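Undergrad: Kindly return the folded structure for what I paste below:
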Amino acid sequence: MRLLYLGDVMGRAGRQAVAETLPRLRKDWSLDFVVVNGENATSGAGLSQAHAEGLLKAGADVVTLGDHAFDQRDMLQYIEAEPRILRPLNFAKAAPGKGARVFTVPGGRKVLVAQVLGQVFMKRPFDDPFSAVDAVLRAQPLAATVTAALVDIHCEATSEKMAMGHWCDGRTSVVVGSHTHVPTADAMILPGGTAYQTDAGMCGDYDSVIGMQKEEPMRRFITGMAKGRFTPALGAATVSGLFVETDDRTGKAQKVAMVRAGGLLQPSAP
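TA: Numbers count the residues shown, from 1 in each chain. I've put the predicted structure just below:
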């Protein structure tokens, strides 16, 4: 199975880049399944119903969220009606929606997608991500009930993301990090057969400070004082993500490649 994961979509520039690029990637790379993290797609904070529908129309099979899952209030209702939107497993016990689901690919193959929030350096405490993921993987074992499985680990600490990768090694097809908006150069296949990257990066304007126009973040770093709001950068965006090809018999990764398309970063492809 040929899978594509795209990192955090950042504001209007990121949405436009995904809308322009993803249909071509689906066709050119014969993709079977696409997961897009959309938690910063609306003004850099959360995801609205309209923008969620835009990402799905562009070719996403699933859109994952993150710690800003419900910054846009209409998502509280929309996520209950749209099963292709996933919030983190351990967000809150009373949160609407689901953190993991199994999706059917044409031909009858099944893909498990799960998202979980890390605990280290996050602004609020979340439940243990490892036990949350473990319960899902035990219920939907790879190569038994699902053909492929992808876990989106949304957190700050690279160490916590790497620990999740090794925790899931051999039990998932992919573990990929999101949230920090900076792509890491460590795409690999772990010893047990799980494709891994610490952070896929963002789909957004890299002439920025993690997707925000540079002036206000720089002012706060230099002076310690805020003057205005953070505003998403609007320049040419780079689509960043991870491509993985799996063995349908075992569910394990056979090929992994970082994806860069457009914008400032050096283009790459599988």
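
Undergrad: Residue 28: neighbouring residues, count only.
TA: By the measure other C-beta atoms under 10 Å, the count of residues near residue 28 is 10. C-beta coordinates here come from the backbone N, C-alpha and C atoms, glycine included.

Undergrad: Next one: it from residue 106, what distance?
TA: 18 Å (C-beta to C-beta, to the nearest Å).

Undergrad: Strands along this structure, start to end?
TA: Secondary structure of the chain (DSSP state E): strands at 2-6, 33-37, 62-64, 85-86, 100-104, 110-117, 148-154, 174-178, 188-189, 195-197, 239-246, 253-261.

Undergrad: what residues does the fourth one touch?
TA: When contacts are defined by C-beta atoms under 8 Å, 6 or more residues apart in numbering, strand 85-86 is touched by residues 47, 52, 62-65, 75, 78-79, 97-101, 113-115.

Undergrad: Which of the residues you listed are buried, as a ChimeraX select command?
TA: In ChimeraX syntax, the buried subset of these is picked out as below (16 or more other C-beta atoms under 10 Å):
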select :47,52,62,63,64,65,75,78,79,97,99,100,101,113,114,115
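
Undergrad: Find the residue at the geometric middle of the chain.
TA: residue 37 (3.5 Å; C-alpha atoms, centre = their mean).

Undergrad: Which strand residues bridge it?
TA: On the basis of DSSP bridges, residue 37 is bridged to residue 64.

Undergrad: Contacts only, for residue 167.
TA: 130, 133, 134.

Undergrad: Could you rerun that using 10 Å?
TA: 129, 130, 133, 134, 137, 151, 153, 175, 194 (C-beta atoms under 10 Å, 6 or more residues apart in numbering).

Undergrad: What score does it have for pLDDT?
TA: Model confidence at residue 167, given as pLDDT, is 97.

Undergrad: Same question for residue 28.
TA: 95.

Undergrad: Distance check, residue 21 against residue 121.
TA: With the distance defined as C-beta to C-beta, residue 21 ends up 31 Å from residue 121.

Undergrad: So between the two, which is more surrounded?
TA: Here residue 21 and residue 121 are compared on neighbour count by other C-beta under 10 Å; more neighbours surround residue 21, at 20 against 9.
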